[in-house]
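# Need coordinates for the following:
(4 chains)
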Protein chains: 4
Amino acid sequence: MLSFASDYIEGAHPSILEALAETNLVPQPGYGEDAYCRRAAEKIRLACHAPDADVFFLSGGTQSNRVVISALLGTVEGVISPATGHINGHEGGAIESSGHKVLALPHRNGKLDAKVLRSYLADFYADRDGYPHTVQPGMLYLTHPTEYGTLYAKEELTALRQAAEEYRLPVFLDGARLGYALATPSSDVTLEDIARLTDCFTIGGTKVGALLGEAVVFPSGTAPKHFFTHIKQQGALLAKGRVLGLQFDALFTDGLYQRIAANAVRQADRIRAALGKLRVPLAVPSPTNQIFPILSNEDAAALAQEVVYTFWEKADEGHAVIRLCTSWATTDEKTDALIAVLRQVLGGR
Amino acid sequence: MLSFASDYIEGAHPSILEALAETNLVPQPGYGEDAYCRRAAEKIRLACHAPDADVFFLSGGTQSNRVVISALLGTVEGVISPATGHINGHEGGAIESSGHKVLALPHRNGKLDAKVLRSYLADFYADRDGYPHTVQPGMLYLTHPTEYGTLYAKEELTALRQAAEEYRLPVFLDGARLGYALATPSSDVTLEDIARLTDCFTIGGTKVGALLGEAVVFPSGTAPKHFFTHIKQQGALLAKGRVLGLQFDALFTDGLYQRIAANAVRQADRIRAALGKLRVPLAVPSPTNQIFPILSNEDAAALAQEVVYTFWEKADEGHAVIRLCTSWATTDEKTDALIAVLRQVLGGR
Amino acid sequence: MLSFASDYIEGAHPSILEALAETNLVPQPGYGEDAYCRRAAEKIRLACHAPDADVFFLSGGTQSNRVVISALLGTVEGVISPATGHINGHEGGAIESSGHKVLALPHRNGKLDAKVLRSYLADFYADRDGYPHTVQPGMLYLTHPTEYGTLYAKEELTALRQAAEEYRLPVFLDGARLGYALATPSSDVTLEDIARLTDCFTIGGTKVGALLGEAVVFPSGTAPKHFFTHIKQQGALLAKGRVLGLQFDALFTDGLYQRIAANAVRQADRIRAALGKLRVPLAVPSPTNQIFPILSNEDAAALAQEVVYTFWEKADEGHAVIRLCTSWATTDEKTDALIAVLRQVLGGR
Amino acid sequence: MLSFASDYIEGAHPSILEALAETNLVPQPGYGEDAYCRRAAEKIRLACHAPDADVFFLSGGTQSNRVVISALLGTVEGVISPATGHINGHEGGAIESSGHKVLALPHRNGKLDAKVLRSYLADFYADRDGYPHTVQPGMLYLTHPTEYGTLYAKEELTALRQAAEEYRLPVFLDGARLGYALATPSSDVTLEDIARLTDCFTIGGTKVGALLGEAVVFPSGTAPKHFFTHIKQQGALLAKGRVLGLQFDALFTDGLYQRIAANAVRQADRIRAALGKLRVPLAVPSPTNQIFPILSNEDAAALAQEVVYTFWEKADEGHAVIRLCTSWATTDEKTDALIAVLRQVLGGR
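Model (predicted):
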C-alpha cells in the first residue's frame, strides 16, 4: 500500500549508508570527539556563516528540545511556545518532566505573532503583585516549519527576535524539518538568517534523510557551561557519536541536505495542485512537505483503503483533517500513484 | 487604612493563641507524632464521617498541592485542572517543577463542568495513535471555593466524580478556603459530601483562622505508600508538628472552623448588598468571602485611597476587576466603614 | 517522664508567644512583605555586620537546604558534603529529588577537613577524560554545629573557604542549631565570621526557641535571581509570613537568640561533667547542646525506663551510642533530675 | 596507532550494515512499531526463554538506566548499587537528575555481595525512628560484567535475587557488555538465567557490534504502565525505531551476538596470557574483554607512545591502572601487534 504517513517511514539517503560502510572499521574516539563530528560541525558553521558556533549532535527531536530547554532555563522559568508547539503536545511532557512549564500562547496556523508575544509579556510584567508568584518567562520556542507545515517570513522572525531581545529571552528554533523550510521556493528565510536570529536552533536529520540525528547549533558560541555533561546526564550522549557525525557530514556535503528536501517540497506541490483541481479544501496553507486536506469522514475512510496517511484532527462531526507527508525519498512514480488514487476516490464528489 | 486585601492579613483566632500558650512547655515528640496532631486528626475524621481517613498537617496551600499531586501521579501523568486552578497560575510552577504538566481545561467562573471533562477524556483516548505520545491524564484537581469564590453544587461535584471514576482518575479537592464554602448558606455541599466525593482534599487553616496550616485528608485511608517520607523530602515536615496539630484541634472543637467562617460570609453578603444598591456590577456571582466588583479605572483609583484591595484583572481598557475579601476576623464595624467608603466613592456615579 | 530527646520537644520562648498575641490583629501584607519580616531582616543584618545581606524566612531546615541548594546549582552540578551531612541522610532525598547528587566526602566527627576537600577536587579535575562524564562539584555544604554537635574552628572554616574559592564553589552553611554554636564558650567563630566566610547560611529558629522558622541569609546580597518565586515554587512561602518575621524579630532583640542558647550549652556541660565522673565514654567530643554517651545495651535499656533519649547508632554488638539533647527550655531542675537518674542507673557499673 | 581504548571505537558488524542497506527503502511505521523491532523482540524472547517478555529498544546505556530506574522507583525511593556501579559515576548524575538517590554499597572488584546487601537492609529497617526520614530502598542495580570486567557466578546472582525478593526489591541488571559475559568460557550464567533472576535487564548492542542500541527486557512482562510514553518523555524514543530493531534482529540471528563477543574474550585471553608471562600484575581478575594491568608511570607513558588505552585510576604515586579493551572487531593480527608492543615496552623490566 502507498504510504504518505510521514517523512520518517524510510531509512537514510544512500550516501549516508555508503559513508557508514566506508568508515566502519576506522577506529575513532567516542562521545562525539571523532573526526566525523568535527568535520560535520565545521561544515555546519560554514553553511550558517557562524564561525563561532557550538555544534552538538543528538539523536532525536524531543530529546533535543528537552536537552536544550532544560539547560537554558532557571528553576522557575518556563518556555513560551505557540500552543501548537511540539513541546506542548506530542513530547510526553518532556519539558515538564525536566521541571518547567510550557507557557502556551495563541497561534495562527501554528505560528506565533510578535504582537501576541509582546502583549503577553507586557501584561505579565504589568501585574506587579502577581507575577512574582508565577512561572517566569525564560525563553522563546518556535518551530520552523511549524507543526502545520507553515513558515515564518523573515520579517516575522525578525519581529519575534526583537521582542524577545527586549525582554532578554533567548530564542530557540526547533528545526526538526528545517530542510523542508529551506527548500521551499516561496520562503525568504535562509539558514544564515536563522543563525542570525536565534540563540539556538536544531537542524533535523531524522526527517530529512538521516537514520537519526539532530544538530544542535548555538550560532554565537553561547552553549551553556557543562553542556556536554548535561547531554550525558539526559541520556542523550551516544558512545559511537561517529554515527551522527558521519550523517551530518554527508548531508552538508555539496548541499545534499537542501537538495533532497527540495524533492519533497516539489512532490508536495504536485499533490497540492491535484487536490486543488479536485476542489479539496486544505485546513492550513502549508507550503512545505506536509499537506492537510479536509475530507468528509466517508472520503477519509475510502482513502484509507489505498493510502496510509495520518489522522490529524476532527474538523467537525462530519469531517476530518488528515495529513499527507512527502519526504526526500518520495519518487515521481509514488506521487503519480497517489494522485491517481486521490482522483479516483475524491473525484466523483 | 481599611484593608480588605485578603483573608490572611491578620494572625490567628484567639483560641489558637491560647492553646499554643497553654501547652507551650509540654514535651511532645516531633514530626507530627504529638498528641495534638493525633487529637486533631481524630476530630477531623469525626467531622468528615470518615473513620478510616489518613490525615496529615502541612504548612500551606501551594505546598499541599505540590506534595499531594507529586505523590499521586506517575512520571508521565498530568493533573487535569480548570484553567483558573491555583496550580495553573499562582504557584510558581510548583507542579511542573515536580515533573508534571497541568492539563488545563476551559472553566466557567472558575468551575469545571463534568461535560467538558468527559468530552476532553473521550477525545483524548479517541486519538489512538497520538495519545501514547502525550501526557496521560492522571488525576483531577478542583478548588472549592474556586479562585473566583464560586461553589460547586452537590450535583455538579457528583457528576465530576462519576466522570473521574469512569476514567479511574483520583479526585483531589483543594480546600484552601473550604471553611467559607461550608459556611455559605446557599451551598448544599457538606464536609461529609466532600469526604465521600474525593480521594483527597485539604482543609485550609491559613485563610480560615490559623497562623498557618492545611489538613490533608485521604478520606478512605488511601494515602500513598511512604507519604510521610514524601512530605519530608518535599521540605514540608515541621519538626514541631504540634504547632499545626494544636491549631486544627482548636478549629475542630465546638465547630469553631465553620463558625468563624460564617462571619466572613455574612460580612461579604453585606458588602454585596451595598454594591448592589450602588449598581456596581460583579465580575463573578461568588457567594463566599470574596467579592469581585468591576470598577472604572478612575473609581478603582479613588477607592485605593481609602481601602487596600487586590487588583484582580483588567476587564477592558477602561475598567478593572478588583477583589474585596472578608475573613473570620472582619468585624461589623470594619464592614460598616467599608460600606461608607463605597457609598462615598462610588455613590455619585 | 524526663525527655532529653531533642531540642524541639517544647513550644516557643514566651517572648515569641507574647509578640504573636500583641500583634495578632494588626493587618499586614502577606508573603513576607510585612513589617515584622522587614524589621527582623534588618536586625539580622546588623547582628551579622552584613548591611547588604538578603534575608528570607522559611519554615524548616530540610526545606531551607532544599530551597537554597536547588537554587544555587546548575543542572549537572552536585553539592559537596561531609558524608554525615544532614542532606545526605535524614532529609528523605530532598536534594536528589530536586535533581542533584550529594557528593559525600569522608568526615571526622562530622567535620570536613580542607585537605580532604582539596584532595578530592584536585583528583577530580586531574581525570581529564573522565570528569566531563560525571556530576560537577557545584557548591560546598557544611553544618555548624555538625550532626555530631561538633564545631569548626575559625581557622578550619577559613581554610575550607579558601579551598572553595579557588575552585569557585559557593559555601553554604546549615545553621539549624547555629545558636548553640555561637553560645559555646570554647568556640572562636562569631556570627560575623560566618557571614564573612560563607555565601549563604541559615540561622535556625525551630531548634533554638521558635515555633518554626529558619532565616536564610545571603550575607553579600547575592541571592539568586527569582529567589522569591523559587521559594513559592518549592511550597515554602507562607501566606502569613508575619509568623516567621515576628519570631526572628523577638529572637534578635536584646541578644535573646544567643542568650537562650547559652542556657542549653550550660546544662549540657553539667551533664557532660556528670557523665565524666561516672566514666561514661562519649562517642564524639561535642561541646554544644548534644551529648553522645556510649552505653552498654543493658544500661541503655535501663536508662530508657527513666528518660526519653534518641538512639543514635550501634557502637558494636554490645553497645549503643545514644543522644541526650538540651534546649533553650531546659531548666536547672530538669538537669538535676537527669543527673540523679544517670548516677542511679550508671553509677554501679 | 593501535587502539585498545574501548569496545566502541569501530562501527558495526558488517551484517548490520547489510541489513540497513537491504531494507532501506521499505516503508515502516515509526516509533518502534516496525516489523524489524517486532521480529527482534521475538528473537530475544526465544533466546531468553521468556515468552511473555516486554522488549523495548533504546539508544544507549546511560539512557536505558535512566529510563528504567526512573520508571520503577517511587518518589522517595532510591536505587541500591555497588559503589562502582556505572549509575553512581560516569552517567553525569542521570539518576539524581530524575529525582532519585543512588544508595551506594561497598563492592569487591565491582561486585556486590548478597551478605553486604542483607546487612544493609537489616540495619536500615532496624532504625525504626530514623528510616522514615530517609530515602527508601526501592530496587537493586547490578552490572554484569561489572565496570571492572568481572562476572557474577550463578550462585552469587541467585543469592542477591533472594535477598532482593525478601525485601520486595526489583532487580535490574545493566548488561551494557552482556555479550562478553555470556561468551566467557568460565562463566556459568546464561541469558536464560539472567531472564529468570531479574525483573529487568538490558542487552547492550553499542559495545557488542551495533552502531547503537540497547534492548531493555522485562522478562516476565512487567513493564511499568505507560512505559512507552515514559520513553518518549525522556527523549529516548527514536522516530526511526527500525534502526534499532534491525540491528538486534541481526545480532540475534544465528547466535551472532555471542559469537562476535567470543572473539573479543579470546583476544583478551591472549593479551592476559602475554601480560602474565611478562609478570605484569592485574588490578582486577577480570575474565571478559577488559584487562586492567598495573604499570609503573614510566611504562605507562612508554606504552602510550604505541597504543591508545584508557587511563583507569592511580594505583599509587608511582603506578597507574590502565585499561585495555578488545571488541567483536579485534583481529588476531591486531592482538599480535599489541603483544609485540607489550613485550618490547614491558619486557625489559
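
# is it true that A:L151 touches A:V189?
Yes: A:L151 lies in contact with A:V189 (Cβ atoms under 8 Å); the separation is 6.9 Å. Bear in mind the C-beta positions are built from the backbone N, C-alpha and C, glycine included.

# So A:C37 versus C:A122, what's the distance?
Here the criterion is Cβ to Cβ, to the nearest Å. By it, A:C37 lies 31 Å from C:A122.

# Neighbour count: those two, which is higher?
A:C37 (25 against 11; other Cβ atoms under 10 Å in any protein chain shown).

# got the phi/psi numbers for the closest residue in space to A:N65 that isn't next to it in sequence?
Distance criterion Cβ to Cβ, 6 or more residues apart in numbering or on different chains; nearest residue to A:N65, sequence neighbours excluded, is A:I87 at 5.2 Å. Phi and psi for A:I87, reported as degrees, to the nearest 10, are phi -60, psi -20.

# so A:I87 touches A:V102, yeah?
Yes: between A:I87 and A:V102 there is a contact at 5.7 Å, judged by Cβ under 8 Å.

# which residues are in contact with both of the two?
A:V79, A:S81, A:I95, A:Y141 (Cβ atoms under 8 Å, 6 or more residues apart in numbering or on different chains).

# so of the residues you listed, which ones are in strands?
Using DSSP state E, the subset of the shared contacts of A:I87 and A:V102 located in strands is A:V79, A:S81, A:Y141.

# secondary structure element for A:S64?
helix A:61-72 (DSSP states H and E).

# from the chain's centre, how far out does that helix sit?
Offset of helix A:61-72 from its chain centre (Cα atoms, centre = their mean, to the nearest Å): 13 Å.

# Which element, helix or strand, includes A:G138?
A:G138 belongs to strand A:136-143, assigned by DSSP H and E.

# circling back: from the neighbour counts alone, determine which of A:L151 and A:V189 ranks first.
A:L151 (25 against 21).

# check contacts around the more buried one.
A:H144, A:P145, A:A181, A:T184, A:S186, A:S187, A:V189, A:P287, A:T288 are the contacts of A:L151 under Cβ under 8 Å, 6+ apart.

# Among the residues you listed, name the buried ones.
Among the contacts of A:L151, those scoring as buried are A:H144, A:P145, A:A181, A:T184, A:S187, A:V189, A:P287, A:T288 (criterion: 16 or more other Cβ atoms under 10 Å in any protein chain shown).

# when you check chain B, which of those turn up near it?
Near chain B, judged by Cβ under 8 Å from any Cβ of the partner chain, there are no entries from the buried ones among the contacts of A:L151.

# with these in mind, which one is nearest to chain D?
Of all the buried ones among the contacts of A:L151, chain D sits closest to A:P145, with 15.9 Å by Cβ to the nearest Cβ.

# Was I right to think the closest one contacts A:S286?
Yes: with contact defined as Cβ under 8 Å, A:P145 counts as touching A:S286 (7.3 Å).

# before we move on, the earlier item: which elements pack onto the helix or strand just after the strand holding A:G138?
As assigned by DSSP H and E, the chain's next helix or strand after strand A:136-143 is helix A:154-166. Other elements packing on helix A:154-166 under the criterion 3 or more Cβ pairs under 8 Å, 6 or more residues apart in numbering or on different chains; DSSP states H and E are helix A:114-126, strand A:136-143, strand A:171-174, helix A:191-197.

# Relative to C:E10, which of those is closest?
strand A:136-143 (40.7 Å; Cβ to Cβ).

# That closest one near chain D at all?
No: judged by Cβ under 8 Å from any Cβ, strand A:136-143 and chain D are separated, with a smallest distance of 15.2 Å.

# burial count for the residue nearest to A:N65?
24.

# picking up where we left off before, list the residues that contact both of A:L151 and A:V189?
A:H144, A:A181.

# Tell me the confidence at the nearest residue to A:A114 once chain neighbours are set aside?
Of all residues not flanking A:A114 in the chain, A:A159 sits nearest, at 3.6 Å (Cβ to Cβ, 6+ apart). In the prediction, the pLDDT value recorded for A:A159 is 98.

# correct me, but A:A159 touches A:L112?
No: using Cβ under 8 Å, A:A159 and A:L112 do not qualify as a contacting pair, with a distance of 10.3 Å.

# These two: which has the busier surroundings?
A count of neighbours by other Cβ under 10 Å puts A:L112 above the other of A:A159 and A:L112, at 28 against 17.

# Let me see the domain layout of chain A.
As assigned by automatic domain parsing, chain A contains the domains A:2-7+A:257-346, A:14-254.

# Just the endpoints, please. Distance across the first one?
By that I understand domain A:2-7+A:257-346. 16 Å (Cα to Cα, to the nearest Å).

# picking that back up, how about CSV for the domains of chain A, with distance to D:E306 added?
Below are the domains of chain A laid out as CSV (distance: least, Cβ to Cβ, whole Å):
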stretch, distance to D:E306
domain A:2-7+A:257-346, 40
domain A:14-254, 14
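
# So which of those is nearest D:T310?
Nearest to D:T310 among these is domain A:14-254 (10.5 Å), distances taken as Cβ to Cβ.

# of the ones in strands among the shared contacts of A:I87 and A:V102, closest to D:Q247?
For those, the nearest to D:Q247 is A:Y141 (32.9 Å; Cβ to Cβ).

# Return the set of residues that bridge with that closest one.
A:F172 (DSSP bridges).

# I figured A:R272 was touching A:F292, is that so?
No: taking Cβ under 8 Å as the definition, A:R272 is not a contact partner of A:F292, at 10.2 Å.

# Report the contact partners of the closest residue to chain B within the stretch 151-300 of chain A.
For the stretch 151-300 of chain A and chain B, the shortest gap (Cβ to the nearest Cβ) falls at A:N297, measuring 13.0 Å. Counting by Cβ under 8 Å, 6+ apart, A:N297 touches A:G318, A:H319, A:A320.

# A:Y31 now?
Contacts of A:Y31 by Cβ under 8 Å, 6+ apart are A:K232, A:L237, A:L238, A:A239, A:G241, C:H133.

# Highest neighbour count among the residues you listed?
A:L237 (29 neighbours).

# Give me the residue at the spatial middle of chain A.
With distances taken as Cα atoms, centre = their mean, the residue of chain A nearest its centroid is A:A176 (2.5 Å).
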